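Peer 1: sequence and computational prediction follow.
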Amino acid sequence: QVQLVESGGGLVQAGGSLRLSCAASGRTFSSSSMGWFRQAPGKDREFAASITRGGSSTIYADSVKGRFTISRDNAKNTVYLQMNSLKPEDTAVYYCAAANGYLFLRPTREAEFNSWGQGTQVTVSS
């Protein structure tokens, strides 16, 4: 398993942008599919985006499609989530997660991920 540490969260006005980073330690990062989830207050954690091992394919939740971009740098063991045109409803704790990239090419369900970060808070003010 990989150990994951998110950073880059904060407070931003509606319409603004943030870039989240997730630094991974361990030797399995390049063989892992990576994902971002989020959990708003009082709601279940939900899928936001994921990316394949090599970064050639991505998948997004409808709620973030066209506004968020997931990417990865395997040389730096880091995955990113660029968030543009932020809305108050994007306010949540954002979690980075890793999945076995050979078993789950394009994971979207929590059960497919076996490593999780501690989360980073994103707050979007109106």
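Peer 2: Everything's here; your move.
Peer 1: please count neighbours and contacts with C-alpha atoms only from this point.
Peer 2: Fine.
Peer 1: what about residue 60, how many residues nearby?
Peer 2: Counted with other C-alpha atoms under 10 Å, the neighbours of residue 60 add up to 20.
Peer 1: wait, it sits on residue 51?
Peer 2: No. Residue 60 is beyond contact range of residue 51, at 9.1 Å (criterion: C-alpha atoms under 8 Å).
Peer 1: so what's residue 108 scoring on pLDDT?
Peer 2: With respect to pLDDT, residue 108 scores 97.
Peer 1: now the residue positioned nearest the centre of the chain. Nearest residue, chain neighbours left out?
Peer 2: The centroid of the chain falls nearest to residue 36 when counting by C-alpha atoms, centre = their mean (2.1 Å). Distances taken as C-alpha to C-alpha, 6 or more residues apart in numbering place residue 96 nearest to residue 36, at 4.7 Å, with adjacent residues excluded.
Peer 1: measure that neighbour to residue 48 for me?
Peer 2: Distance, residue 96 to residue 48, by C-alpha to C-alpha, to the nearest Å: 10 Å.
Peer 1: overlap in contacts, the two.
Peer 2: The contact sets of residue 96 and residue 48 overlap at 35-37 (C-alpha atoms under 8 Å, 6 or more residues apart in numbering).
Peer 1: which strand residues bridge residue 23?
Peer 2: Assessed by DSSP bridges, residue 23 has beta-bridge partners residue 5, residue 78.
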